[in-house]
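>>> Quick one: sequence plus predicted model below, questions after.
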Amino acid sequence: MSAEQQGERGFVVVDKRGAGADEAAQPAAEAERALPKPDFAALAISLGHSALFHLGLVVDPQTGQKGAKDLPLARQTIDLVEMLQEKTRGNLTADEARLLEDLLYDLRARYVEASK
């Protein structure tokens, strides 16, 4: 017995790639071109910014309000940066290694301050 005979329906694929492509694709393509190429420093800084947000030190761009202090999430994010440092040791440029060292020092100091 086929699936149709058993009362089951398969799935239908509808190709909408050409529909409205001129209007929708152009802004997306422009936004994509405006983004910088990802690199190690961007990753490290992004993780650092996330930790600062969880420490309640950074404003949420959508609400304009500082993030709520969430020390466990901040600690986890700082631990992620530390793990990144350990796993990449010996494979980083001097600037990248210094960035991680400085970032961890700053985040740890801010964590201690926020914990008081």
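Thanks, I have it.
>>> where exactly do the helices run in this protein?
Remark: helices of the chain, listed N- to C-terminal, are 21-34, 40-54, 71-88, 94-115; assignment by DSSP state H.
>>> Quick check: which ranges of this structure have low pLDDT?
In the predicted model, the chain carries pLDDT under 70 at residues 1-33.
>>> Just want the most central residue of it.
The residue at the geometric middle of the chain, judged as the C-alpha nearest the mean C-alpha position with CA atoms, centre = their mean, is S46 (6.3 Å).
>>> highest average neighbour count across the helices of the chain?
Across those, the average number of neighbours (mean count of other CB atoms under 10 Å) peaks for helix 40-54, which reaches a mean of 17. No exception for glycine: its C-beta is placed from N, CA and C like everyone else's.
>>> for it, the distance to its chain's centre please.
The gap between where helix 40-54 is centred and where its chain is centred comes out at 8 Å by CA atoms, centre = their mean, to the nearest Å.
>>> cool, stretch 62-78 as well?
With CA atoms, centre = their mean as the basis, the distance from the averaged C-alpha position of stretch 62-78 to the chain average is 14 Å.
>>> Would you mind writing the CA trace of it as PDB?
Taking Å, rounded to 0.1, in the frame of the first residue of the first chain, the C-alpha atoms of stretch 62-78 are listed here in PDB:
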ATOM      1  CA  GLN A  62      16.500  46.600  22.100                       C
ATOM      2  CA  THR A  63      15.100  47.900  25.400                       C
ATOM      3  CA  GLY A  64      17.700  50.600  26.300                       C
ATOM      4  CA  GLN A  65      17.900  49.100  29.800                       C
ATOM      5  CA  LYS A  66      20.800  47.500  31.500                       C
ATOM      6  CA  GLY A  67      20.800  43.700  31.500                       C
ATOM      7  CA  ALA A  68      19.600  42.000  34.700                       C
ATOM      8  CA  LYS A  69      22.500  40.800  36.800                       C
ATOM      9  CA  ASP A  70      22.900  37.000  36.400                       C
ATOM     10  CA  LEU A  71      26.100  35.900  38.000                       C
ATOM     11  CA  PRO A  72      25.900  32.200  37.100                       C
ATOM     12  CA  LEU A  73      25.600  33.100  33.400                       C
ATOM     13  CA  ALA A  74      28.400  35.700  33.700                       C
ATOM     14  CA  ARG A  75      30.600  33.100  35.300                       C
ATOM     15  CA  GLN A  76      29.800  30.500  32.600                       C
ATOM     16  CA  THR A  77      30.700  33.000  29.900                       C
ATOM     17  CA  ILE A  78      33.900  33.900  31.600                       C
END
